[in-house]
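> show me how the following folds:
(one chain, ligands or ions: 1)
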Amino acid sequence: MTRTPFVAGNWKMFKTVGEAEMFISGLLPRVSSSEGVDVAICVPFTDLQAMVDSTRGSRVQVFAQNMHEAATGAFTGEVSAPMLADLDVHGVVLGHSERRQYFNETDRALAEKVPAALEAGLVPILCVGETEAEREEGAMERKLRHQVQEDLENVPVERLHEVVIAYEPIWAIGTGKVATPEQAQEACAFVRALVAGIDADAAGAIRIQYGGSVKADNAAELLALPDIDGALVGGASLEPASFAAIVEAARA
Ligand code: 13P
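Here you go, the predicted model:
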C-alpha cells in the first residue's frame, strides 16, 4: 500500500491576512516542484478566504483548525463544515490537544465532527496523543485507544481511509522535545493497529502524521519511519523556508 506523504502546517493563532499573504508568496515557489507530497496550511478562520484564493492552482491545500459538528444552528461564534466547504477549504484539523485542553473539546463532540467533516467534503485531520504523565504511567495505549475508537465511531467504514490521523504527544508540542524515532514509530504503529481493529483495508490506506516539535533538521528521520506518513508542524510552519524544508524531507 503506497500512501502519499502529507505535510501540514498548523499556524494556530498566528498571522493576519497580510502576514499570511507574505508567507504564501514565499512558500509557493519553494514547493512548486514537490511532486509526490501533499502540502497543506491550517490557518485561522480569518485567513481562509485569502489563502484559498492565493493557493488556487497550486499544490498547497488550505485547512481550517476547528468546526462545529452541526451544519447550522444557534451556536454563536461557531463555524460549520458546509460553511468551510463553501469557501473551497480542503479540510479541517479536529481534536487538537490545545482545543481539548483549553476549549473543552470532547471525544463525544469529535465523534460527531469527524463524520460531519467528511459529509461536507472536507478531509479531517484528527489529532490524538498522550500527556507526559499518561506516558509515564503506562497509560499511553489506553488513551490512544479511547481517542481513536470514540472519535472514529460514526465514520462509515468505506470512508475511514479518507481520515488523516495526527499522533501528537502533548509533551512534544511546542516544547522542542521531539519524540525519539522509536517512540514515534511505536505510537503511530499502535494507532494503525487500532484502525485495523475497525477495518484492515482502511488501516493500510489511512495516513498517520507525527506532530510535536518537527523541524527541518529532524523531519527526514521521522518521515522515513514505516508508519509515519507525514507531519503536522506547528512552530516550524510559520516561516516559508523551514516549512518548505520539511516538505522536501517528505520527498526523500
Ligand atoms: P510544534 O511543532 O510547535 O511543536 O506544534 C505541534 C503541533 O501542535 C501541530 O499541530
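
> low-confidence stretches in this protein?
Residues of the chain meeting the criterion pLDDT under 70: 1.

> could you check which residue of it lies nearest the ligand?
Nearest residue of the chain to the ligand (C-beta to the nearest ligand atom) works out as Gly234 at 2.2 Å. Backbone N, C-alpha and C define where each C-beta goes, glycine included.

> measure the nearest residue to that residue once chain neighbours are set aside to Gly95 for me?
Excluding the flanking residues, the one nearest Gly234 by C-beta to C-beta, 6 or more residues apart in numbering is Asn10, at 5.3 Å. Asn10 is 12 Å from Gly95, where distance means C-beta to C-beta, to the nearest Å.

> give me the common contacts of these two.
The overlap between the contact sets of Asn10 and Gly95 (C-beta atoms under 8 Å, 6 or more residues apart in numbering) is empty.

> look through the chain and tell me its longest helix.
Looking across the chain with DSSP state H, the single longest helix is helix 181-198.

> count of neighbours near the residue of the chain closest to the ligand?
As a burial measure, Gly234 scores 22 neighbours (other C-beta atoms under 10 Å).

> what's near enough to touch it?
Per C-beta under 8 Å, 6+ apart, neighbours of Gly234: 9-10, 12, 173-174, 211, 213-214.

> give me the subset of these lying in strands.
Judged by DSSP state E, the contacts of Gly234 include 9-10, 211 as members of strands.

> looking at these, which has the most residues close by?
Gly9 leads those on contacts (other C-beta under 10 Å) with 29 neighbours.

> isn't it up against Ile24?
No - when contacts are counted by C-beta atoms under 8 Å, Gly9 is not listed as touching Ile24 (11.0 Å).

> got any residues that touch both of those two?
Ile41.

> secondary structure element for Ala231?
Using DSSP states H and E, Ala231 sits in strand 230-233.

> direction included, what does that strand pair against?
Using DSSP bridges, the strands paired with strand 230-233 are strand 6-10 (parallel), strand 207-211 (parallel).

> now do the buried residues in it.
With burial defined by 16 or more other C-beta atoms under 10 Å, the residues of strand 230-233 counted as buried are 230-233.

> stretch 189-201 too?
For stretch 189-201, the neighbour count (16+ other C-beta under 10 Å) marks 189-192, 194-195, 198-199 as buried.

> look up how far Ala203 lies from Asp227.
Distance, Asp227 to Ala203, using C-beta to C-beta: 10 Å.

> now do the shared contacts for the two.
Common neighbours of Asp227 and Ala203, using C-beta under 8 Å, 6+ apart, are Arg192.

> and the residue of the chain closest to the ligand, backbone torsions?
Backbone torsions for Gly234, taken as degrees, to the nearest 10, come to phi -90, psi -100.

> and for Glu98?
Glu98 has phi and psi values of phi -70, psi -40 when expressed as degrees, to the nearest 10.

> counting neighbours, what do you get for the closest residue to it other than its chain neighbours?
Closest residue in space to Glu98, ignoring its immediate chain neighbours: Lys12 at 7.2 Å, by C-beta to C-beta, 6+ apart. Counted with other C-beta under 10 Å, residues neighbouring Lys12 total 19.

> what residues are up against Lys12?
Neighbour list for Lys12: 65, 98, 234 [criterion: C-beta under 8 Å, 6+ apart].
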